[in-house]
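*Asks:* A structural model of the following input is requested.
(2 chains)
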Amino acid sequence: MTIEWVHPALFFFAAAAVIPFVKGWGKPIVLLGFPALAFFSLMFFPEANYGAFTIGGFEVVFGRVDKLSRVFGFVFTLMGVIGMVYALHVKQKGEHVAAFLYGGSALGAVFAGDLLSLFVFWEIMAFSSVFLVWYGGKKSKSPGMRYVLVHTFGGLCLLGGIIVFAGETGSLAFNAIPAAGLGGWLILIGFLVNAGAPPLHAWLPDAYPEGTITGTIFLSSFTTKTAVYVLARGFAGTEILMWVGVLMALYGVVYAMLENNIRRLLAYHIISQVGFMVAGIGVGTEMAINGAVAHAFAHILYKALLMMGMGSVIFMTGKRKGTELGGLYKTMPVTFILFMIGGFSISGVPFLSGFISKSMVISGAAAAHAPFVVILLTLAAAGTFLSTTLKLPYAVFLGEDKGIKSSDPPKNMLIGMGLAAFICILLGVMPDLLYQLLPFPVDYHPYTAEHLLGSFQLVLAVLIGFILFLYKLHPEETISIDTDWIYRRGPKALSWPAKNPLARLNNFSYRTFLDGMICLSKSVMQRFHSGYLKHYLFTIISFVMLSTLIFSLSKGWVLHLDTLLKIDVTLAQVLPLTLLVCAALATVLFKNRISAILSLGMTGFFVALLYVLMGAPDLALTQYLVEAVSVILILLAFYFMPPYFEEKASQNTKFVNASLAVFVGVVVTFYMLMVMDSHLVSSISSYYLETSEKLAGGRNVVNVVIVDYRAFDTMLEICVFAIAILGVYAMLRLKKKPKPLQQEPPLK
Amino acid sequence: MTSKQTPKSQVYKSKKMKILYGILVLMMVLDGFAPRHHAHFFWDNIGGFSAIFGFIACVILIFFSKGIGHAFLMKREDFYDD
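*Replies:* Down below sits the predicted model:
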């Protein structure tokens, strides 16, 4: 069986899966071997569409190999090798995993032949790369979060665009996309976020300088260049990109002039350099596209070299600001020389890689007769030389010697830089190595007399200008606000009204409400929570009465006057009734406790007497017993209570108490009358009357109900009674212990 | 380097600078004689145009960037810290 094709991303993903488990010699083998295999694998497979599947009616192509995707594949895998050499010493395996996932998904995006798989890899790229920022330490937390948020926004634009575009065209194939209609524009915006086009670029200089020393190398290589690839694939010749590119090229240069953080300065130059590529894509001629792709290839390598150089400086000195550094050429000579090779490359100095690619973009624009693009890009090129190759190394390596103790970085880092520098020189000397990989046939010769002389003149003139105005160019301890101000400070500005007038109003109303509630509850508690049993009883009784009254009235229970007339009272009953009333009055009026309790007992006995007269001896007996027991209990209770203090109640209190008593009496009477008036549930009573003898063998229906029909209830009630009796017994047994005599303290 | 050895106002007439001027002028003159293959714009035919452009570009970039930087963009380092 022959292997049809192996996706180069698979090598990266495999490395990401394997690396956590390898130790010792295995680590460098995996770190370097897998990306190297990916690089070589690209040489062997001819151009074709591999890995095509049909998912839900759409064709998904994972492996579109043509010249355009292959050249990006080459440089990404090459960068994987160089970056991993530079990162060999890193012990944090999570960083390696993130880097491999990130590089693999960048390769996946490059070889994706359809928009769906492109989107998937696009998102993996964003979410794996952020870890390279987050491993950078505490300070990288917020920039990393902003990085994720901006890329999520870009990803959503892309996804929305893909959905609209696919809906319009019925195909997910990723070829030239017209920058027209909602779908096309959304896709373009999604791409431009990753390209770092202002005003959507601020994530790049925000997050990249906070990444790890080695992670930043990968960051500055993959994301923006994947964006260049998709722009070249989808939007070649879109005129607006020409101007976006010019804007990027100059924007990055201006900000780089101001920047003090050495890696942020380089980050702004990524924007500037990607601007050249985007402008080339916007011009859209074969030569300009070739130039853009060549420039991407060259740029990845020399930008990585520059980042590696500055990363080494930070790695060795721990300082990342131009104002803190200086005079390092003595202690880090190799780093200095390698950095300068990168610096001369990015500036387009002849015999280095930038010369053969940048000039191609500008010549492409010139051939397409875009004079302003040519002039502005040349201006940006001058600015690149000025800040990357003159100002930055002057501040870090030359300039004032701050006596910083350091040395050249570990060997693997130097080798990584050396490899990148070697390729920069190799491409500069043998441009055909790169030109043969470009998507269109190249008919361009960079090494002409006019071209060489022009480049040297430009460089020399800028050098003279730099020396003359050096006093203006010393690094300053500042940061520059960029469009990230909008999402870093904008919310704060927006929240001003909420924080000030609105919050005050809210605070005021809330406070007032709370204060009111506290005031109310205080007054209520003070009134009802006095600690006097009497007051509690008063509250309880009045509430019970009121609520039951309201309930019964709402039920429509009405007292009929004729009910009153139906009551017939015999003369024999009048006497006990009168005595009953007298005893009740006496209970209220007696000042002595015992007398009051006894007269209360009297009322009970008179009730029992009434029952006898009305022909219910059993009820009378029960009433009699209950009354006797309760009188004894109450007497006992009072016996154990503290002595009675005569309380001088005010007239008002007396009146209130009296009216409550009258009220209770009236309401209860009212109830009694209503109950008498209401219809009894006849089915139950007749059932009991009929069946008590037959079923239970008792003629006293009440007794039958208690001990038979409701025997269970009765039993439980007896239990309750028994428990209560036990309690009473316990209380009776409880004698006051005599207080032990207090021992007099011995005299001194 | 140069600025350290010579006072600021004297930099432009130091010996090393004179050498640089000499090389630049020589190149500009040579440029005037170089054959043109791809002259797309009128300035492509002017000998020494790149040098003049480069110097002007350098001056513009320095003064423009630092100008707007000091006017609007550059803030204290703790600008975003709260």
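
*Asks:* which residues touch residue 64?
*Replies:* Let's take chain A. By CB atoms under 8 Å, 6 or more residues apart in numbering or on different chains, A:Arg64 lies in contact with A:Asn49, A:Tyr50, A:Phe111, A:Ala112, A:Gly113, A:Phe174. Any C-beta I mention is one placed from the backbone N, CA and C, and that applies to glycine too.

*Asks:* meant chain B actually
*Replies:* With CB under 8 Å, 6+ apart, B:Phe64 has these contacts: A:Val254.

*Asks:* what does A:Val705 give?
*Replies:* Contacts of A:Val705 by CB under 8 Å, 6+ apart are A:Tyr688, A:Ser692.

*Asks:* beyond the lengthiest helix in chain A, next helix or strand please.
*Replies:* If you go by DSSP state H, chain A has its longest helix at helix A:286-317. Next along the chain after helix A:286-317, taking DSSP states H and E as the criterion, comes helix A:333-346.

*Asks:* close to chain B, is that following helix?
*Replies:* No. Using CB under 8 Å from any CB of the partner chain, helix A:333-346 stays clear of chain B, coming no nearer than 13.8 Å.

*Asks:* and the next helix or strand past that helix?
*Replies:* helix A:353-367.

*Asks:* helices or strands up against that following helix?
*Replies:* Judged by 3 or more CB pairs under 8 Å, 6 or more residues apart in numbering or on different chains; DSSP states H and E, helix A:353-367 is in contact with helix A:262-283, helix A:286-317, helix A:333-346, helix A:371-384, helix A:411-429, helix A:432-435, helix A:449-468.

*Asks:* could you dump those into TSV and include distance to A:Gly490?
*Replies:* What follows is the helices and strands packed on helix A:353-367, written out as TSV (distance: least, CB to CB, whole Å):
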stretch	distance to A:Gly490
helix A:262-283	21
helix A:286-317	30
helix A:333-346	33
helix A:371-384	29
helix A:411-429	39
helix A:432-435	43
helix A:449-468	37
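
*Asks:* nearest to A:Phe538, of those helices?
*Replies:* helix A:262-283 (78.2 Å; CB to CB).

*Asks:* the closest one vs chain B: in contact?
*Replies:* No. Against chain B, helix A:262-283 shows no contacts by CB under 8 Å from any CB, the least distance being 10.9 Å.

*Asks:* packing partners for that helix?
*Replies:* Short answer (3+ CB pairs under 8 Å, 6+ apart): helix A:262-283 packs on helix A:203-207, helix A:215-234, helix A:239-258, helix A:286-317, helix A:353-367, helix A:371-384, helix A:392-396.

*Asks:* show me where chain B has its strands.
*Replies:* In chain B, the strands defined using DSSP state E lie at B:74-75.

*Asks:* list the buried residues for stretch A:470-490?
*Replies:* For stretch A:470-490, the neighbour count (16 or more other CB atoms under 10 Å in any protein chain shown) marks A:470, A:473, A:475-476, A:478-485, A:488 as buried.

*Asks:* give me the number of residues near B:Gly54?
*Replies:* 29 (other CB atoms under 10 Å in any protein chain shown).

*Asks:* you'd agree it is up against A:Phe466?
*Replies:* No. Look at B:Gly54 against A:Phe466 with CB atoms under 8 Å: they stay out of range, at 10.6 Å.

*Asks:* of the helices and strands packed on helix A:262-283, which is nearest B:Cys58?
*Replies:* Going by CB to CB, the one of the helices and strands packed on helix A:262-283 nearest B:Cys58 is helix A:371-384, 5.9 Å.

*Asks:* tell me the contacts of A:Leu549?
*Replies:* A:Val667, A:Phe670.

*Asks:* look up how far A:Val662 lies from it.
*Replies:* 14 Å (CB to CB, to the nearest Å).

*Asks:* what's the neighbour count on residue 75?
*Replies:* If you meant another chain, say so; for now it's chain A. Based on other CB under 10 Å, the number of other residues close to A:Val75 is 25.

*Asks:* to clarify, I was referring to chain B.
*Replies:* 13.

*Asks:* for the residue lying closest to A:Ala461 once chain neighbours are set aside, which residues are in contact?
*Replies:* In space, and not counting its chain neighbours, A:Ala461 is closest to B:Gly54: 3.3 Å by CB to CB, 6 or more residues apart in numbering or on different chains. Residues in contact with B:Gly54 (CB under 8 Å, 6+ apart) are A:Ala382, A:Gln457, A:Leu458, A:Val459, A:Leu460, A:Ala461, A:Val462, A:Gly465.

*Asks:* if you set the cut-off to 10 Å instead, what comes out?
*Replies:* A:378-379, A:381-382, A:385-386, A:454-465, B:24 (CB atoms under 10 Å, 6 or more residues apart in numbering or on different chains).

*Asks:* where do the strands sit along the stretch 51-200 of chain A?
*Replies:* A:58-65 (DSSP state E, counting those that start in this stretch).

*Asks:* about what we covered before: could you give the angle of the longest helix of chain A to helix A:411-429?
*Replies:* Between helix A:286-317 and helix A:411-429, the angle comes out at 160 degrees (axes from the mean of the first three to the mean of the last three CA atoms, to 10 degrees).
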